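Asks: quick one: sequence plus predicted model below, questions after.
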Amino acid sequence: MMARRPVLSTAALATFLFFSLVQCGKKDDGSSTITLKVQKADSPAALNLEMTAAGNKSFAPDVFKLWINTIVLQNDEGGSNQFFTCDSSAADCEVDFASSESVAAFEAKLNAIEITAGNYNKVWISCNPNSAGYVKYKGHATVNGTTQYTANPDSNSGSPVTTDSAKNGEITVPNVGCGLTMHLPQSLTVADGDAVVMTMFSNLHGIAYYGPNIPGDMGGCKTSSGASTGPGFCVGYPSVFPYFGETTPTVEMYKIANSKTDASTLTEGQANVLLKVIKTPDGKPFWASMANFYIETTPDYGQGDDGVSGYANSVSNFAVNADESLTIKSMDYGFSSFQRTSHSGDVVGEGISGGAGTGSGVTYKYKAFTYTP
């Protein structure tokens with residue numbers, strides 16, 4: 001029986017939402033406001049992850065809905081300015097990031113909202129209404145010449161997979177809410193009368209994938225009702241990258257293979273983590289994202305010497321070190337000195353016992369491979 005992989009969290013498969021806070025002049029009446037804009041970030045091409053192996057295949061969904069219920073500006077002194085909340089209904093609060101009409105409606109709700117003057121260095125975003133977050137998505141992937149479509153299990157004999165395009169429908173994955181605190185690289189000072197614009201860049205490339213052998217208890221996934229393993233679809237939440245200022249981000253990617261004992265013999269085909277370093281146009285890193293990596297040769301989680309990782313979750317700690325290496329961590333797990341080239345090193349991940357995480361940190365060996373899709 002296939003071992004259970006880590007539950008998908010807010011770390012997504014090759015996708016991102018990106019915030020940019022920009023001060024845009026003064027208002028004549030002395031009030032301070034914030035406005036949200038959403039832009040698709042379909043470039044550079046490196047963001048378009050294609051997994052063409054015979055087994056799993058990633059894709060960009062045609063529908064991708066989140067219930068965004070809270071956005072808050074915060075600081076380290078306990079200051080908090082909740083400038084957006086939506087708790088009325090799914091019809092009112094869901095945002096389909098694949099739909100320009102839905103995005104426009106979301107923007108209209110966040111146009112020149114009054115905020116309190118102050119200093120802020122964090123943004124909190126929640127898509128976890130009533131502690132019951134979910135994602136809805138719709139799409140398809142072609143594997144070995146056959147196109148597999150998402151299907152509403154209620155109208156497809158309990159299965160979320162169909163080869164009948166007429167049955168292509170939305171899948172709802174429950175219990176995958178997000179609550180993210182994003183530290184800004186530089187503080188935002190809002191004075192009386194300031195007008196601030198917050199830009200969210202979205203990219204859905206590769207956020208979902210089809211697999212022929214998905215464990216029935218795998219988080220973020222849907223298989224046939226009652227099946228322990230079978231064909232299914234999985235999805236991740238977008239990662240979120242904070243930035244103060246206007247920029248078009250560029251990305252460099254790394255495949256990472258992991259070992260309990262020795263990285264010297266690891267190959268690119270054993271990689272099970274995809275790491276993305278996000279940079280300003282002049283090449284300065286300002287954030288990173290880690291996600292589980294799925295191709296046909298990906299080792300099963302918890303199996304053998306190389307079926308380990310346990311750190312590829314939402315990044316909570318990012319820094320450029322004095323030697324230009326990077327600190328990239330999710331809570332206590334991750335890298336303290338990641339080099340921006342192909343290299344080997346140590347990484348702290350979650351320990352594994354019996355195919356499942358132990359909740360305790362373990363130092364693993366890894367090998368990183370530069371990657372351009």
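Replies: Looks like it came in fine. Owing to the predicted nature of the structure, the values given are computational and were not obtained by experimental measurement.
Asks: which residues does V123 form a beta bridge with?
Replies: V123 forms beta bridges with L73, M182, as assigned by DSSP bridges.
Asks: and M290, by the same measure?
Replies: Beta-bridge partners of M290, as defined by DSSP bridges: L275.
Asks: T172: which element?
Replies: Assigned by DSSP states H and E, T172 falls within strand 171-174.
Asks: so N130, which state does it fall into?
Replies: Following DSSP: H, G, I helix; E, B strand; the rest coil, the label given to N130 is helix.
Asks: may I see the buried residues of whichever helix in the chain runs longest?
Replies: Longest helix in the chain, counting residues (DSSP state H): helix 100-109. For helix 100-109, a neighbour-count test (16 or more other C-beta atoms under 10 Å) marks S102, V103, F106 as buried. In this view, the C-beta of every residue, glycine as well, is placed from N, C-alpha and C.
Asks: over to stretch 147-166?
Replies: In stretch 147-166, counting by 16+ other C-beta under 10 Å, buried: Q148, Y149, T150, A151, N152, P153, N156, S159, P160, V161, T162.
Asks: what sits against the nearest residue to P231 once chain neighbours are set aside?
Replies: Nearest residue to P231, sequence neighbours excluded (C-beta to C-beta, 6 or more residues apart in numbering): V161, at 4.7 Å. Applying C-beta atoms under 8 Å, 6 or more residues apart in numbering to V161 gives the contacts Q148, Y149, T150, A151, Y210, S224, P231, G232, F233.
Asks: what of E350?
Replies: P6, G310, Y311, Y333, G357, T358, G359, S360, G361, V362.
Asks: does it belong to a helix or a strand, and which?
Replies: Going by DSSP H and E, E350 is part of strand 343-353.
Asks: distance from that strand to the middle of the chain?
Replies: Chain-centre distance of strand 343-353: 21 Å, with C-alpha atoms, centre = their mean, to the nearest Å.
Asks: what sits up against the helix or strand following it?
Replies: Downstream of strand 343-353, the first helix or strand assigned by DSSP H and E is strand 356-371. If you take C-beta under 8 Å, 6+ apart as the criterion, strand 356-371 is touched by 3-4, 6, 252-263, 266, 268, 271, 274-275, 302, 308-310, 332-333, 338-339, 341-352.
Asks: are any of those residues buried, and which?
Replies: Using 16+ other C-beta under 10 Å as the burial test, the contacts of strand 356-371 include 3-4, 6, 252-260, 263, 266, 268, 271, 274-275, 302, 308-310, 333, 338, 343, 345, 347-352 as buried.
Asks: domain-wise, how is the chain divided?
Replies: 8-246, 249-373 (automatic domain parsing).
Asks: for those, which has the smallest mean pLDDT value?
Replies: Set side by side, the domains of the chain differ in mean pLDDT, and domain 8-246 is lowest with a mean of 77.
Asks: which phi and psi does the nearest residue to N168 once chain neighbours are set aside have?
Replies: Among residues not flanking N168 along the chain, Y149 sits closest, at 4.1 Å (C-beta to C-beta, 6+ apart). Per-residue torsions, Y149: phi -110, psi 150 (degrees, to the nearest 10).
Asks: partners of Y149 in the sheet?
Replies: H140, T162.
Asks: residues touching it, list them.
Replies: G139, H140, V161, T162, T163, D164, S165, K167, N168.
Asks: now swap in A112 and tell me
Replies: For A112, the contacting residues are T33, I34, T35, A195, by C-beta under 8 Å, 6+ apart.
Asks: ok, back up a step: okay, the longest helix of the chain in PDB with CA atoms only?
Replies: The C-alpha coordinates for helix 100-109 follow below in PDB (Å, rounded to 0.1, in the frame of the first residue of the first chain):
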ATOM      1  CA  SER A 100     -11.400  38.100 -14.700                       C
ATOM      2  CA  GLU A 101     -15.000  38.900 -13.800                       C
ATOM      3  CA  SER A 102     -14.700  37.400 -10.300                       C
ATOM      4  CA  VAL A 103     -11.400  39.200  -9.700                       C
ATOM      5  CA  ALA A 104     -12.900  42.500 -10.800                       C
ATOM      6  CA  ALA A 105     -15.800  42.100  -8.400                       C
ATOM      7  CA  PHE A 106     -13.300  41.400  -5.600                       C
ATOM      8  CA  GLU A 107     -11.300  44.500  -6.500                       C
ATOM      9  CA  ALA A 108     -14.500  46.600  -6.400                       C
ATOM     10  CA  LYS A 109     -15.100  45.600  -2.700                       C
END
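Asks: so F335 is in contact with N321, correct?
Replies: No: between F335 and N321 there is no contact under C-beta atoms under 8 Å: 10.3 Å.
Asks: who touches both of those two?
Replies: Counting by C-beta under 8 Å, 6+ apart, the residues touching both F335 and N321 are T327.
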